[in-house]
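# Predicted model follows, preceded by the sequence.
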Amino acid sequence: MPTASAIPVPLEVYRFQPGVDAKPSYRRYELELSPHTPVLSALLKVRAEVDPTLSLRYSCRSAICGSCAMRINSKSRLACETPVGPEIERHGRIVVEPMANQPVIRDLVVDQASFWKEYERIEPHLKPDPLHPMPEGRPNPMTPAEVERFHDTPRCIACAACYSACPAVAADPAFPGPMALAKLYRFVVDPRDGAHQDRLVRIQTEGLWLCLRCHLCTEACPKDVRPSERIRDLKEMAIAAQGATEHGSRHAVGFKTNIRAAGTLNESRLVRQTFGVVGMLPQLPHGLAIWRKKPEVAKRPRPIEGADELEKIYEALDPEEPR
Amino acid sequence: MLRHDVVVVGAGLAGQRAALAAIEAGRDVAIVSKLHPLRSHSGAAQGGINAAVGAEDSVDTHIFDTVKGSDYLGDQDAIEFFCREAGPIVVEMEHFGTIFSRSDDGSLARRPFGGAHFPRTIYAADRTGLALLQALWERLGSERLTLYAEWDLVDLVVRDGRVHGLVAFDRTSGEFAEIAAKAVVLATGPAGRVYAKTTNAHSCTGDGIAAAYAAGAFLKDMEFVQFHPTALLESSILITEGARGEGGLLKNASGEQFMVRYAPHVKELASRDVVSRAIVTEVKEGRGFSGPFGGYVHLELMHLGRERVESRLTEICDFARRFAGIDPVTEPIPVYPAQHYMMGGIGTDIHGATNLTGLYAAGEAACVSIHGANRLGGNSLLETLVFGREAGRAAAAYAATAPAPEMHASDLEAAAAPLRAWSARTDGEDPSTLRTEMQRTMEECAGIYRDAAGMLEGIQRLRALRARFEKVRVVDRSPVYNLNLTDALETGHLLELAEVILVGAYARTESRGAHARTDFPKRDDARWMRHTLARRTPTGPALDYAPVAFTRFEPTERVY
């Protein structure tokens, strides 16, 4: 057991009571704790011994209820499983703030209505195929290999750390967020679900392609759900199900054909591939502005040296697909 | 005033299953819960859910194992019903979408668990509760019911032996509200936080049990408290029985697999009370390890191999690595027993009905009783579903013909008055001081081993704490998310229930299941083959007793 002696732990905690405080402030608490003490225990010590007015969500203290996600030294994570020692080593103090992308109710408590709404919006329940009713009185058979296809999505505890960390959520309210998409993936790969195709077609125009592929969700996730990887899988499955029929998927496919052809991007061609000739028109002023600053974008780029090597890689990766 | 046919308090598995049953019966249903349903403590259940579906197994064996596990205090008629429903209700959860672990042939995988003759515990890795909770919530769907999430139950409104509704407050606004209901189902879980060392979540404060007790419901068998043998040292985070089911071994400081001496046939897979006492005895007699967090023993998984440990015990690998800095693949896990489960609770019949008309209870908040003096691992998830559904059905049936509830304006005022007084005080004690002292008292006086002198002292200390609670003070004056107020409310509930546990335990002059007395070490069927019923009086719990239902198994000595 780790038994290292106590270290000084300066905690700087975000405090805000809307309607009472004009603006948020940070209150500093000086604690002495052993380095493996979780941040949640530190906050509860503050509540019990220093300031019972500090407000936060918490329950299980074992990383399974998903209540205590917050920003700890700017990273969205569970307070119950973040030890103070490494934070102090790295930052010299621990700044505790509410999650981002959700309005503050009080102190570390945020309003999760939008997070739950996105989760509901992907219709997170089995939609059995009426042509294949569930076996009466028996469980559906499912092989361990089929269970593997869920990857770690069943581990999701809906803590919203990914939602807090996601820049796409911050930028665009139409993006469902990593958790909702990982949950959607869980239903799309479920052999008991009869609505795979509908789910994939719908999500193509309901935010799937707004993901910025930054992987911050995967970094934030305390349960290794790896939402960004499942979003990538959803994109592949959506194209396989429906073809590239929508801006996001057409951009992705166009990107690939560009690289495959020349090893570099032909940007004006990519715009045409994404939006189509007519669809390009509204982009024209934007394109002209870029062209004025950077005339070379209009030129067809020459294939890079060794582009034929690239073709071999593509062929090895995807022997089925014609050039 | 808010108004529903059936109001379920608590949104864990029992509460959700009750709500689903009541909705399916056509009633207008609401759930009041202090947590979002997906944050309920049911999600923390790890090991699995029992159903005798294996070819070698039988419902009768499940019944017998449960009766024996209960140390013959479980009601055998209820246990028979319970075990018969197991297979169908697990299949139903699979059809709802639960992602269970599977065997190579595609069937539901099963693992061995303590006190069971056959591998009977169906599981989803080591997060079975989470898997069930997700599937049930996703099936139930929020659109079919009214959800009052992050609302605290303050009081039930009961007149002339009938429930008319309840008073609760919305944490987010701080406003009190009356909810009129023809029937109320309490599914608020346990009160594990009466103890200092518990695997239970911080939210397990027995709110529904305390409200039922205050309203005149009987609490049954509250002295029977289960201590889980393997909680992580210091934090008391649960390490599932599944770890032993998968082949994990318990070793003392000299490397001896000591369970061989206590339960020669089944060793690590003896019933939980037996294994917990063995660990305490090893430490007490100097054969354990010792450290700054007290004595402990080792749980070894190293011999199982990385692949098996990481795939079947994923969460506990994470727990041990993150919370104790220990890698179970290469090192032993330091464990010691901690409070885990309450066999007792609000006394109900097989349909969840209490002694108050219109009031039902299910799950760990209730006591049917199927667990008697000791619960078997894997039976509590099953209980939440089987009896959650029964309580929901019964509440819906009652609500279909019940007269309209009568709520008065004064009901809200009466319920809110003490809370307002706490907040108005300018001096007095913080609830957390009282809670900490209560937890220490219960740890010292109502632990795994008990005796008359210790319990008497505990009762006196608790009464002093209750007197001090009369002057509790809430310093936080904000209406919004005032956890200081919630703390005080919960501490009041815990103090009431701690006293019921100790008074019942003091009166029961025998050892049975999880109730182990050093001054009365033997089971005494002639005097104590009966359930304890506690009723609230102004001076403390008044005890009465009720017979145990027998169908086919005569009590014999319990050996594993």
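Looks like it arrived, so ask away.

# rest of the way, CA atoms for contacts and neighbours
Noted.

# three-state assignment of A:C159?
Applying DSSP: H, G, I helix; E, B strand; the rest coil to A:C159 yields a three-state assignment of coil.

# That one against A:A69, yeah?
Yes. A:C159 lies in contact with A:A69 (CA atoms under 8 Å); the separation is 5.9 Å.

# can you list residues touching both of these two?
Counting by CA atoms under 8 Å, 6 or more residues apart in numbering or on different chains, the residues touching both A:C159 and A:A69 are A:L78.

# The two: which is more packed in?
Comparing A:C159 with A:A69 by other CA atoms under 10 Å in any protein chain shown, the one with more neighbours is A:A69, at 30 against 26.

# and B:T98, what pLDDT?
On the pLDDT scale, B:T98 is placed at 98.

# Next, count neighbours for it.
Using other CA under 10 Å, B:T98 has 24 other residues around it.

# Model confidence for the residue nearest to it when sequence neighbours are not counted, exactly?
Excluding the flanking residues, the one nearest B:T98 by CA to CA, 6 or more residues apart in numbering or on different chains is B:A135, at 5.1 Å. Looking at B:A135, its pLDDT stands at 98.

# Mind checking what helix or strand follows the helix or strand hosting B:A135 in sequence?
Here B:A135 sits within helix B:128-140, counting by DSSP states H and E. Proceeding N to C from helix B:128-140, the next assigned helix or strand is strand B:146-149, under DSSP H and E.

# contacts for that next one?
Outside strand B:146-149, the residues that touch it by CA under 8 Å, 6+ apart are B:29-37, B:170.

# Whichever helix or strand comes after that strand: how far from the chain's middle?
Next helix or strand after strand B:146-149 toward the C-terminus (DSSP H and E): strand B:151-159. Mean-position distance between strand B:151-159 and its chain equals 21 Å (CA atoms, centre = their mean, to the nearest Å).

# With stretch B:211-231 instead?
Counting by CA atoms, centre = their mean, stretch B:211-231 comes out at 8 Å from the chain centroid.

# quick one: is it near chain A?
No. Counting by CA under 8 Å from any CA of the partner chain, no contacts exist between stretch B:211-231 and chain A, the nearest distance being 11.7 Å.

# Just the terminal-to-terminal distance for that stretch.
End-to-end distance of stretch B:211-231 (CA to CA, to the nearest Å): 30 Å.

# Which residue, other than its chain neighbours, is closest to B:T66?
Closest to B:T66 by CA to CA, 6+ apart is B:L376, at 6.6 Å.

# burial of that neighbour, as a residue count?
Neighbours of B:L376 (other CA under 10 Å): 24.

# What are the boundaries of the helices in the stretch 101-250 of chain B?
B:128-140, B:207-215, B:242-245 (DSSP state H, counting those that start in this stretch).

# weakest of those by average pLDDT?
In terms of mean pLDDT, the lowest-scoring of the helices of the stretch 101-250 of chain B is helix B:242-245 (a mean of 94).

# so how far is it off the chain centroid?
Centroid separation for helix B:242-245 versus its chain: 20 Å, with CA atoms, centre = their mean.

# residues in the stretch 451-560 of chain B within reach of chain A, list them.
B:475-476, B:480-484.

# Among the residues you listed, which lie within strands?
Secondary structure defined by DSSP state E assigns none of those to strands.

# Can you turn the buried part of the residues you listed into a ChimeraX selection?
Entered in ChimeraX, the line below selects the buried ones among these, by 16 or more other CA atoms under 10 Å in any protein chain shown:
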select /B:475,476,480,481,482,483,484
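
# Just put the residues of the stretch 451-560 of chain B next to chain A in a markdown table and tack on pLDDT and distance to B:E256.
Shown next, in a markdown table, are those (pLDDT from 0 to 100; distance: CA to CA, whole Å):
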| residue | pLDDT | distance to B:E256 |
| --- | --- | --- |
| B:V475 | 96 | 53 |
| B:D476 | 95 | 53 |
| B:V480 | 96 | 55 |
| B:Y481 | 97 | 51 |
| B:N482 | 97 | 51 |
| B:L483 | 97 | 47 |
| B:N484 | 97 | 47 |
